[in-house]
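A.B. asks: Curious how this folds, go ahead:
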Amino acid sequence: MNEQSLAGQAAFAPSNTADVANALIADAGLRVDAERRRGRGAGLNPSGRFEPQQREAFDDGWQSWEELPPFKTEVQVEKPRTAITRNESPDIPFDRSINPYRGCEHGCIYCFARPTHAYMGLSAGLDFESKLFAKPDAAKLLERELARPGYKPRVIAIGTNTDPYQPIEKEWRIMRQILEVLNRANHPVAIVTKSALVMRDIDILRDMAAKNLVRVALSVTTLDRKLARAMEPRAATPPRRLEAIQALNEAGIRTSIMVAPIIPALNDHEIERILDAGKAAGAQEASYVILRLPLEVSPLFRDWLLQHYPDRYRHVMALIRSMRGGKDYDAEFGKRMKGAGPYAWQISRRFEMATRRLELIRRNIALRDDIFVPPDGSGVQLSLL
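C.D. replies: Now for the predicted structure:
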């Protein structure tokens, strides 16, 4: 029996669901020892969904659990052919993005990008936040792509999959190199992060903002430091994210605050407080996303709930399913970001009323794409024609 079916029993189990499911998972040896995963978000590390074998750890008496090494951050170099990723999703306002890294050390338990690690033969659990991939050639590849004949500039989104300012960016500095290329080319960019490290690049962002080429969104999920520590163990604290909003705003950089994700019965009561704090820090716009639990994220999140908030498990999952047609997740376009049903409508109305009161309504001010200057093309492969 795998971790998904075990945790899934909580949906219809009796009132002691949390205790029963916790015991089942622990007895089956599915949960990784707390000391080995200290400072991490996920409690499980199941095999990737594309793997031919599923493996479970168990103590055979020959080796003590205490002797197993803790999960440490490992970074491998990835050599992609292109820097820009294209998409055709009607749910998002951009058609291209850049991901400097695969995996994310922030370890946010709710991260919808976790299942992408399965394509690397790794787990969406602890592997996602400890076995990372960096793309050091991303800036060079980007410069070549922008120099290609016929390239038409449109806003490039960064941070929509994994955070470009996660802790390893301090050493690798890939995001900064990308911004340098975009700045030289006068190319528009939209950034999403939950890291205060974005303040390091204010010098570049200020220059781009003066030309209306950049906007930055800071994701603030909660103002409760205890909840943030459990849910987003290696991300910046909520006060530091608000500090980043203030610093960016003072530098003349258009900044917004994202309440993402909104989790029913866990952080939804904070919506108005978060928006108030964002407005006070200088945010000019606001947006939100309802919790998404695709593929492996669902069992990982449910196990996390059982560990940290067992008394709320049934209530949280019942409300999530009420917005997803009775399922943990509904991937249908138009519904996956905001949900559906009475509870989703209530969240929408509360958010709308708060943003109107605070004048944080999204204005959809377009970034400039008419001053784009293609790079000189050095290093671009010449045509054979």
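A.B. asks: what about residue 85, neighbour count?
C.D. replies: 15 (other CB atoms under 10 Å). The C-beta positions use only the backbone N, C-alpha and C, and glycine is treated the same way.
A.B. asks: going forward can the numbers begin at 526, since that is how I track them
C.D. replies: From this message on, residue numbering opens at 526, which makes the last subject residue 610.
A.B. asks: Is it within a helix or a strand, and which one?
C.D. replies: Using DSSP states H and E, residue 610 sits within strand 609-611.
A.B. asks: what do you get for residue 769?
C.D. replies: Here residue 769 is assigned to helix 763-775, by DSSP H and E.
A.B. asks: in that helix, what's buried?
C.D. replies: Residues 763, 766, 767, 768, 769, 770, 771, 772, 773, 774 are the ones in helix 763-775 that count as buried (16 or more other CB atoms under 10 Å).
A.B. asks: Kindly report the same for stretch 834-842.
C.D. replies: Here stretch 834-842 shows 834, 835, 837, 838, 839, 841, 842 as buried, counting by 16+ other CB under 10 Å.
A.B. asks: mind exporting that stretch as CSV, just the C-alpha atoms?
C.D. replies: Extracted in CSV, the C-alpha atoms of stretch 834-842 (Å, rounded to 0.1, in the frame of the first residue of the first chain):
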residue,chain,number,x,y,z
TYR,A,834,-2.4,20.1,11.8
PRO,A,835,-4.0,16.7,12.4
ASP,A,836,-7.1,18.3,14.1
ARG,A,837,-7.8,20.3,10.9
TYR,A,838,-7.2,17.5,8.4
ARG,A,839,-10.8,16.6,7.7
HIS,A,840,-12.0,20.2,7.5
VAL,A,841,-9.2,21.4,5.2
MET,A,842,-9.6,18.5,2.8
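A.B. asks: How far off centre is that stretch?
C.D. replies: Taking CA atoms, centre = their mean, to the nearest Å, one finds the center of stretch 834-842 at 23 Å from the center of the full chain.
A.B. asks: repeat for stretch 749-769
C.D. replies: Remark: stretch 749-769 is offset 14 Å from the chain centroid, using CA atoms, centre = their mean.
A.B. asks: Contacts made by that stretch with the rest, please.
C.D. replies: Residues from elsewhere that reach stretch 749-769, judged by CB atoms under 8 Å, 6 or more residues apart in numbering: 564-566, 630-635, 654, 688, 691-692, 719-724, 743-748, 791-792, 795, 802-803, 805-806, 829, 833.
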